[in-house]
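Trainee: heads up, no residue letters with this:
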């Protein structure tokens, strides 16, 4: 049976809301019980390491600050061997108010996964965003799905609907007919 670990951190509840929506959409496609939704608060490396398919969600605060629970998890995450694991990131940020730091957290954690020999999945185009720079950006793509629920909330559902099938394909998951 397919089992995806969906980890998120949140302060305001926005990332949690998106995480729950992702779980709902994935389970509508793959079946109930295929996604474990886990808040990163007080988690250990073993909690994440047991999954081969991971979706990780996090906001970026202000001038590129990490959400507190994710910041505390860095030492744990740096100890995970991501060899053979596929990881997709999504993040929330404000592309107008913090245009020089939009979704920076994704870039920080993508580097940790890569250093741990994991495979990044779910890259998305930077087209349609109006930011200056981002640690999450590589060339004309983000290392995951960037969402701006403050300024482009009307695009969130469509972006999720385009991204999730891409992630499943890159995960190598066969979608039931």
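Mentor: Received, thanks. Note that the coordinates shown come from a computational prediction; the quantities given were computed from them, not determined experimentally. Numbering: from 1, shown residues only.
Trainee: so where's this structure uncertain?
Mentor: Within the chain, not a single segment meets pLDDT under 70.
Trainee: which residue ranges form the helices in it?
Mentor: Along the chain, the stretches classed as helices by DSSP state H are 14-30, 45-49, 68-77, 104-115, 156-171.
Trainee: quick one: residue 41 from residue 47, how far?
Mentor: With distances taken as Cβ to Cβ, to the nearest Å, residue 41 is found 11 Å from residue 47. From N, CA and C alone the C-beta is placed, and that goes for glycine too.
Trainee: these two: who's more crowded?
Mentor: Legend: neighbour count by other Cβ atoms under 10 Å for residue 41 and residue 47, higher for residue 47 (17 against 14).
Trainee: list the contacts for that one?
Mentor: Counting by Cβ atoms under 8 Å, 6 or more residues apart in numbering, residue 47 makes contact with residue 38.
Trainee: then residue 132?
Mentor: Residue 132 neighbours (Cβ under 8 Å, 6+ apart): 99-100, 102.
Trainee: make it 7 Å
Mentor: Going by Cβ atoms under 7 Å, 6 or more residues apart in numbering, residue 132 touches 99-100.
Trainee: so it versus residue 28, what's the distance?
Mentor: The spacing between residue 132 and residue 28, counted by Cβ to Cβ, is 37 Å.
Trainee: which residues does residue 66 bridge with?
Mentor: In this entry, residue 66 is beta-bridged to residue 60, by DSSP bridges.
Trainee: residue 105 is in contact with that one, correct?
Mentor: Yes. Applying Cβ atoms under 7 Å as the test, residue 66 and residue 105 come out as touching, 5.3 Å apart.
Trainee: what about these two, which has more around it?
Mentor: Comparing residue 66 with residue 105 by other Cβ under 10 Å, the one with more neighbours is residue 105, at 29 against 19.
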